[in-house]
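give me a model of this one.
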Amino acid sequence: MSNLLSKIIVITGPTASGKTSLAIKLAKKIGAEIICADSRIVYKNLDIVSAKPDKKEQDGVVHHLIDIKEPVGEPYSAGDFANDAKTAIESIQAKNKPVIITGGTWFYIKCLLDEKELPEIGADKKLRLELEKYDNDTLWNMLNEIDPVRAKEIHKNNKERVIRAIEMAKTLGGKIQKAERKPVKYDSIWFSNDFIKEENREKLYKRIDFRVDEMIKNGLYYEWERAVSRYSRNEILENTIGFKEFFELEDGLYENFNEAVEKIKQRTRNFAKRQLTFFRAEEKINIIKDKNEILDFLNSHF
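Okay, the predicted model is just below:
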């Protein structure tokens with residue numbers, strides 16, 4: 001598999017589908033390093049809520065883009081990820097090691113590896129502060145007026161991404177799709193386990209509910225308390241499923257703790273459903289069951 005060094009292996013899938021474990025097993029087998037494509041794993045002290053693999057789970061495999069930012073200030077964007085991931089790819093390839101990108105933040109991976117990458121556009125803090133005043137419906141309608149194609153790609157409740165899309169469209173003076181883009185230089189091979197199949201949806205939902213129960217047992221609520229104590233209530237914490245619900249509990253939206261936990265499960269299932277919509281539309285993805293099927297594929301093609 002010597003030709004594999006020029007490829008980027010992507011292992012993606014919905015939340016709680018086991019992609020992290022699969023990526024680590026494959027990395028150990030082929031001597032690869034892993035780049036994490038996850039919008040919450042990048043943040044320090046958000047360990048339980050992001051299902052971040054600890055050192056024991058990483059099992060000696062080098063991971064990149066974990067714990068690189070405090071969860072305050074400007075949110076970590078897809079553009080930030082693309083820039084940091086490119087640096088990590090160069091570092092890994094300089095060691096003559098294969099690169100594995102794993103995670104479920106679809107827009108991050110597409111921004112880095114799609115046929116045409118989005119132009120690099122900095123943050124407009126003044127505009128963001130203005131946009132933050134509006135509710136989700138107003139913001140999404142605003143984006144839909146500017147760029148309906150982009151609006152269809154983002155759920156209206158994903159406020160962070162809607163604001164970023166408006167910011168980009170306004171900076172570009174029109175539709176993001178019409179912006180001049182540079183060809184992406186990476187040749188990628190995409191894999192996902194069979195949880196993206198429709199017949200496995202209920203099984204995935206049960207895994208999600210079990211994971212949330214385990215997160216609660218492992219101290220999710222206390223991690224939220226520590227995060228609020230350290231960073232205060234802010235946009236990043238409030239937009240994180242698993243923390244958002246405890247803010248709502250504090251605000252009196254739920255009668256008790258169990259209602260907040262059930263809302264975490266519901267929102268996580270809804271999030272997985274949105275992820276599946278993107279994964280099933282991606283023709284590049286090869287559906288596999290385990291690392292051995294990936295190895296068989298790589299051996300037969302490289």
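
the closest residue to R207 other than its chain neighbours in helix, strand or coil?
Sequence neighbours aside, A16 is the residue nearest to R207 in space, at 4.5 Å (criterion: CB to CB, 6 or more residues apart in numbering). For glycine as for every other residue, the C-beta is placed from the backbone atoms N, C-alpha and C. Taking DSSP: H, G, I helix; E, B strand; the rest coil as the rule, one finds A16 in the coil state.

same check, this time on L139
helix.

how many residues are close by it?
22 (other CB atoms under 10 Å).

is it correct that it is in contact with R164?
No - counting by CB atoms under 8 Å, L139 stays clear of R164, with 10.7 Å between them.

look at L172 and report its pLDDT.
On the pLDDT scale, L172 is placed at 62.

sorry, slip of the keys, the one I care about is I166.
85.

residues in contact with the closest residue to it other than its chain neighbours?
Among residues not flanking I166 along the chain, L143 sits closest, at 5.1 Å (CB to CB, 6+ apart). Residues near L143 by CB atoms under 8 Å, 6 or more residues apart in numbering: R150, A151, I154, V162, A165, I166, A169.

secondary structure element for L143?
helix 136-146 (DSSP states H and E).

name the next helix or strand following that helix along the chain.
Immediately after helix 136-146, counting by DSSP H and E, sits helix 148-152.

for the record, mean pLDDT for that following helix?
Rounded mean pLDDT across helix 148-152 is 80.

show me where the chain has its helices.
Taking DSSP state H as the test, the helices found in the chain are 19-30, 55-58, 78-94, 106-113, 125-131, 136-146, 148-152, 159-172, 201-217, 220-231, 235-238, 244-250, 257-281, 291-301.

so what does the fifth one touch, helix or strand wise?
Judged by 3 or more CB pairs under 8 Å, 6 or more residues apart in numbering; DSSP states H and E, helix 125-131 is in contact with helix 159-172.

point me to the residue sitting farthest from the middle of this protein.
Each residue of the chain has a distance to the centre, and by CA atoms, centre = their mean the biggest one is for E255: 30.9 Å.

take stretch 71-80, keep the C-alpha atoms, and write them as CSV.
Coordinates of each C-alpha in stretch 71-80 appear next as CSV, following Å, rounded to 0.1, in the frame of the first residue of the first chain:
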residue,chain,number,x,y,z
PRO,A,71,-14.2,27.5,24.3
VAL,A,72,-14.4,31.3,24.4
GLY,A,73,-14.3,34.1,21.8
GLU,A,74,-14.9,33.5,18.1
PRO,A,75,-16.2,30.0,17.4
TYR,A,76,-13.8,27.6,15.6
SER,A,77,-14.9,27.7,11.9
ALA,A,78,-14.7,25.3,8.9
GLY,A,79,-12.1,27.7,7.5
ASP,A,80,-10.0,27.5,10.7
